[in-house]
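Trainee: Show me how the following folds:
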Amino acid sequence: MRCNLEFKKLNCFNLIIVYTCIVSDYDDLIAQPTFNGVRYICFSDSIQSSHYRNWEILPIPDTEIIEPNLINRFVKAYFFRLGFKEKFSMYIDGNVLLKSNPILLLKQFKQSSAPIAAFKHPFRKNILQELDELIRTNKLSNDEISRTNLLLEQMKDNGFDFQSTLTAGYIILRKHNNNELNLSMKSWLNIILNECKRDQMSLQYVLWRNNIEMMFLDNICDPASFFTRYNHGKYIGSIPR
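Mentor: Residues are numbered from 1 along each chain as shown. Predicted structure coming up:
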């Protein structure tokens, strides 16, 4: 299914914040297309300009976290602490280039009872497959593997179904002013900081524990028509404009 909805069919839907976080020059900041109704915000400690490549640049919120990757996940999870006035926000990783206006997703998302939406993971189906890949690619130390296995045992004891669909964490659409979702995101960040830093390993579990429904954006939009994802790093010169 293509993202080919027309604005005239959407009436006066709310604006949407698209936000990201660039810490310590980890990524170049991709210049996103100009879309009606979309405001881009980047939280960064390395970009000095107040406006850069179609983004508003804001300082990273106060936090005691010092590891760059965990600062990024703090900003990703704590969307409700970022001072957004709009009713919807979409987190995107710094290596994501949007190709379609995210407002085109809001009609179905607003009608859904789910307060959070994401695309399905393109390669792996569940967190067990994700853990195998993390180990295979040496993205977890031995200590982190041990702590992750303890987390999985806790999930199992609580009755979690490990076959729950794995989502891609590089794009997350959320409704604001949902207390249950906010509490879930606090629990999610706590697991990221203290048990397993790879956020995809715990999102479905946290939503399940808090009885939060997840909407899959694949059901209303073809991922390939909505965004392109590049390798992390200094790739900006290779991106076509």
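Trainee: roughly how far apart are Tyr205 and Pro61?
Mentor: Counting by Cβ to Cβ, to the nearest Å, the gap between Tyr205 and Pro61 amounts to 25 Å. Quick note: C-beta positions are derived from backbone N, CA and C, even for glycine.
Trainee: Which elements pack onto the top strand by length along the chain?
Mentor: What stands out as the longest strand in the chain, according to DSSP state E, is strand 167-175. Judged by 3 or more Cβ pairs under 8 Å, 6 or more residues apart in numbering; DSSP states H and E, strand 167-175 is in contact with strand 88-92, helix 106-111, strand 116-120, helix 203-209, strand 214-216.
Trainee: if we go to 7 Å?
Mentor: strand 88-92, strand 116-120, helix 203-209 (3 or more Cβ pairs under 7 Å, 6 or more residues apart in numbering; DSSP states H and E).
Trainee: follow-up on the earlier one: and Tyr205 and Pro61? Which one has more around it.
Mentor: For Tyr205 and Pro61, the more surrounded residue by other Cβ atoms under 10 Å is Tyr205, and the numbers stand at 22 against 14.
Trainee: Now do that one, the pLDDT please.
Mentor: Predicted confidence (pLDDT) at Tyr205: the value is 98.
Trainee: sorry, back to before: quick one: which of the helices and strands packed on strand 167-175 is nearest Leu140?
Mentor: Proximity of those to Leu140 was assessed by Cβ to Cβ; the nearest stretch is helix 203-209, lying at 16.8 Å.
Trainee: Pull the residues that contact the longest strand of the chain.
Mentor: The contact list for strand 167-175 (Cβ atoms under 7 Å, 6 or more residues apart in numbering) reads 79, 87-93, 96, 105, 109, 115-122, 181, 199-200, 203-204, 214, 217, 227, 229.
Trainee: Please apply the same query to stretch 79-91.
Mentor: 14-20, 61, 76, 102, 106, 171-176, 182, 185.
Trainee: just to revisit the earlier point, using neighbour counts, give me the buried entries of the contacts of strand 167-175.
Mentor: Restricting the contacts of strand 167-175 to buried positions leaves 79, 87-93, 96, 105, 109, 115-121, 181, 199-200, 203-204, 214, 217, 227, with burial counted as 16 or more other Cβ atoms under 10 Å.
Trainee: Point out where the chain drops to low pLDDT.
Mentor: Counting by pLDDT under 70, the low-confidence segments of the chain come to 1-14, 25-27, 233-241.
Trainee: go with 80
Mentor: Residues of the chain meeting the criterion pLDDT under 80: 1-14, 25-27, 232-241.
Trainee: Now the phi/psi pair for Phe43, please.
Mentor: Taking degrees, to the nearest 10, you get phi -90, psi 120 for the backbone angles of Phe43.
Trainee: could you list every residue that touches it?
Mentor: Applying Cβ under 7 Å, 6+ apart, we find Phe43 in contact with Tyr19, Cys21, Leu58, Ile60, Pro61, Val75.
Trainee: ranges for the helices of this protein?
Mentor: Assigned helices in the chain, in chain order: 68-77, 106-111, 127-136, 142-157, 179-194, 203-209, 223-226 (criterion: DSSP state H).
Trainee: Can you say which of the ones you listed is nearest to Asn54?
Mentor: Closest approach to Asn54 among those is made by helix 223-226 (17.7 Å; Cβ to Cβ).
Trainee: and that closest one, what other elements does it pack with?
Mentor: In terms of contacts (3+ Cβ pairs under 7 Å, 6+ apart), helix 223-226 is packed against no helix or strand at all.
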